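Asker: predicted model and sequence below, questions to follow.
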Amino acid sequence: MNFLKVIFFVFIKDIKDELRRKENILSSLFFQLLSLVLIHFAVDMTSIDLSKEGAGLMWLIIIFAGTIFMQNIFRKEEENGVFLALLLAPVDRAAIYLAKFFVSFIFLTILEVFLFFLSFFFFGAAVFDSPLQLLILAIGVNVGFSALGTLISSLLINQKGSSILYPLLLYPLLFPLFAAAAALTQSTLKSSLAFSDPWLRLIILFDIIFLAVSSMLFESAVEE
Amino acid sequence: MILKKLLRKWATLFSILALFTNILALLMVFFYAPTEVQMGEVQKIFYYHVPCAIASYFMVFISFVFSIAFLVKKDEKYDIWAYAGAEVGLVFILCVLVSGPIWGKAAWGKWWVWEPRLTTFLIIFLIYFSYILVRIFGKQDTKTLKVASVFSIIGFLDVPLVNRAVYWWGSIVHPKSVSLEPQMKLTFFVSLLSVIILSLSFLFWRVSVDERVIDND
């Protein structure tokens, strides 16, 4: 079957399944709301300043919520034994990885949009001062985050202690992306997003390296 | 097939070499290299702190190369080397993280300063500690070996990005380039050689004690 067709079919299957079950996306969205309420009481915060530490706080919530979503991205196939069937299908495994990557990417974007609205509503965060730039930044971060998150999730299929191992493996690797996202969110509110910005270049480099490497390594990761 | 007897020969040879070069390096550090004017005796940590950092990069590079070899060739002997490289690398990363704060306390009056190079090593430590956790938590099956190999590869590729991110994030406290007196330079290179030899002896010992290594006695 054509490479793009495989991506499309697996992607549609997963989106439909996710929308039918809703458990993954709903728990992630609820986690974001919960985090914001906890933050209010933990640090006595009434407003989030995105030009300062508020940016880091937002990305921290996104990383945690994204973890909840992505660590379960292969769960349903694992539970029903569908994953083995998927691997037995005569299709390129990189296409399966890319389909899962796109599902993670789409849902991460939904999580971010929801969090931006929530932080604006509860804390008056200036997310609508430069919404397009923030969206471009979010897309850049989501590529790298989804690439690594999906790969690590696939590595831990049928692995003992996978729910503990998932964040332990993912977070140290995400450090450059997280630092760049927080720094760029702070600066985008002061000036426009420029390609010459070293942080933006770091995000692009991170995305390219890990999307390419993860696509290549997926086959080895899932091979029985 | 890796032969235990041969490995032990190499490990012993490198251990003896490490002993002599380290004695020489320590003698040079304390009796040959001049004492730095501003920091005094504490500066002498430099002669082991920096070589430990270089040795740890060398070891994680070995782990990276053998992880690729394992995934390509699917032969467990490569995994033995990859695992050993990561473990020995982690030991030297810990040496950097211990000697760094001792230096920091003397230089800046605090045990921990979020200084770029030290912070980079803290994150590299987290990456390779996670690698070790995979090995500890996982079953001793091919799947775990694959997980560890893939993680070692992406972990190593992440190191330069971590390094850049930490530099841009924090202020640079370490000097970009260090100008050393000729005697200091010579002492540094002898220390570097001694630590590299020591790391190789650790690597050979670690591989030789792996239960998958066949005893050819």
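Answerer: Great, that's in hand.
Asker: residues from chain B in reach of chain A?
Answerer: B:71, B:123, B:126-127, B:130, B:133-134, B:137-139, B:143-144, B:146-147, B:149-151, B:153-155, B:157-158, B:161-162, B:164-166, B:168-169 (C-beta under 8 Å from any C-beta of the partner chain). No exception for glycine: its C-beta is placed from N, CA and C like everyone else's.
Asker: what subset of those is buried?
Answerer: B:71, B:123, B:126-127, B:130, B:133-134, B:137-138, B:143-144, B:146-147, B:149-151, B:153-155, B:158, B:161-162, B:164-166, B:168-169 (16 or more other C-beta atoms under 10 Å in any protein chain shown).
Asker: distance of residue B:15 relative to chain A?
Answerer: Separation of residue B:15 from chain A (C-beta to the nearest C-beta, to the nearest Å): 32 Å.
Asker: who touches the nearest residue to that residue once chain neighbours are set aside in this structure?
Answerer: Of all residues not flanking residue B:15 in the chain, residue B:201 sits nearest, at 4.4 Å (C-beta to C-beta, 6 or more residues apart in numbering or on different chains). By C-beta atoms under 8 Å, 6 or more residues apart in numbering or on different chains, residue B:201 lies in contact with B:11, B:14, B:15, B:17, B:18.
Asker: quick check, pLDDT for the fourth one.
Answerer: Spelled out, that is residue B:17. Looking at residue B:17, its pLDDT stands at 96.
Asker: by mean pLDDT, flag the weakest helix or strand of chain B.
Answerer: helix B:142-169 (a mean of 86; mean pLDDT, DSSP states H and E).
Asker: gap between that helix and the chain center?
Answerer: Centre-to-centre, helix B:142-169 and its host chain are 15 Å apart (C-alpha atoms, centre = their mean, to the nearest Å).
Asker: pLDDT weak spots in chain A?
Answerer: A:1, A:50-51, A:189-191, A:193, A:195, A:224 (pLDDT under 70).
Asker: wait, doesn't residue A:207 sit right on residue A:148?
Answerer: No - here residue A:207 does not reach residue A:148: they are 10.0 Å apart, not a contact under C-beta atoms under 8 Å.
Asker: these two: which is more packed in?
Answerer: Regarding residue A:207 and residue A:148, a neighbour count based on other C-beta atoms under 10 Å in any protein chain shown identifies residue A:148 as having more, with 26 against 21.
Asker: how much space separates the more buried one from residue B:155?
Answerer: Counting by C-beta to C-beta, to the nearest Å, the separation of residue A:148 from residue B:155 is 11 Å.
Asker: so what sits against both of those two?
Answerer: Residues touching both residue A:148 and residue B:155 (C-beta under 8 Å, 6+ apart): residue A:173.
Asker: what's near enough to touch the most centrally placed residue in chain B?
Answerer: Nearest to the geometric centre of chain B sits residue B:56, at 1.7 Å (C-alpha atoms, centre = their mean). Residues in contact with residue B:56 (C-beta under 8 Å, 6+ apart) are B:89, B:90, B:92, B:93, B:95, B:96, B:121, B:124.
Asker: 6 Å - rerun?
Answerer: B:89, B:92, B:93 (C-beta atoms under 6 Å, 6 or more residues apart in numbering or on different chains).
Asker: from those residues, pick the one nearest chain A.
Answerer: Comparing the contacts of residue B:56 against chain A with C-beta to the nearest C-beta picks out residue B:93 as the nearest, at 12.3 Å.
Asker: burial measure for the closest one, as a count.
Answerer: So residue B:93, with other C-beta under 10 Å, has 25 neighbours.
Asker: before we move on, what about residue A:5?
Answerer: Neighbour tally, residue A:5, other C-beta under 10 Å: 11.
Asker: next one: residue B:75
Answerer: For residue B:75, using other C-beta under 10 Å, the count is 11.
Asker: so the closest residue to it other than its chain neighbours versus chain A, what's the distance?
Answerer: Using C-beta to C-beta, 6+ apart and skipping the chain neighbours, the partner closest in space to residue B:75 is residue B:69 (7.8 Å). Here residue B:69 is placed at a distance of 12 Å from chain A (C-beta to the nearest C-beta).
Asker: hang on, residue B:69 packs against residue B:78?
Answerer: Yes - counting by C-beta atoms under 6 Å, residue B:78 is a contact partner of residue B:69 at 4.1 Å.
Asker: higher neighbour count, the two?
Answerer: Ranked by neighbour count (other C-beta under 10 Å), residue B:69 and residue B:78 place residue B:78 first, with 21 against 17.
Asker: so where do the helices sit in chain A?
Answerer: A:3-21, A:23-42, A:53-70, A:75-80, A:82-88, A:93-123, A:131-155, A:162-188, A:198-222 (DSSP state H).
Asker: over to chain B?
Answerer: Under DSSP H, chain B gives helices at B:4-27, B:46-73, B:76-108, B:116-137, B:142-169, B:182-208.
Asker: buried sites along the first one?
Answerer: What that stands for is helix B:4-27. Buried-residue list, helix B:4-27, by 16+ other C-beta under 10 Å: B:4, B:7-8, B:10-11, B:14-15, B:17-18, B:21-22, B:24-26.
Asker: residues contacting that helix, please?
Answerer: By C-beta under 6 Å, 6+ apart, helix B:4-27 touches B:190-191, B:193-194, B:197-198, B:200-201, B:204-205, B:207-208, B:213, B:215-216.
Asker: need the buried ones from the residues you listed selected in ChimeraX.
Answerer: Of the contacts of helix B:4-27, the buried ones can be selected in ChimeraX as follows, counting by 16+ other C-beta under 10 Å:
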select /B:190,191,193,194,197,198,200,201,204,205,207,208,213
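Asker: can you list the residues of chain A near chain B?
Answerer: Contact residues, chain A versus chain B (C-beta under 6 Å from any C-beta of the partner chain): A:155, A:161, A:168-169, A:172-173, A:175-176, A:179, A:198, A:206, A:209, A:217, A:220-221.
Asker: how close does residue B:210 sit to residue B:84?
Answerer: 7 Å.
Asker: between these two, which is the more surrounded one?
Answerer: Set residue B:210 next to residue B:84 and count neighbours by other C-beta under 10 Å: residue B:84 wins out with 23 against 17.
Asker: that one reaches residue B:205, doesn't it?
Answerer: No - using C-beta under 6 Å, residue B:84 is not in contact with residue B:205, being 8.7 Å away.
Asker: what's the overlap in contacts for the two?
Answerer: By C-beta under 6 Å, 6+ apart, no residue touches both residue B:84 and residue B:205.
Asker: pull the number of nearby residues for the closest residue to residue B:64 other than its chain neighbours.
Answerer: Counting by C-beta to C-beta, 6+ apart, the nearest residue to residue B:64 once its immediate chain neighbours are dropped is residue B:156, at 3.8 Å. Residue B:156 sits with 23 neighbouring residues when counted by other C-beta under 10 Å.
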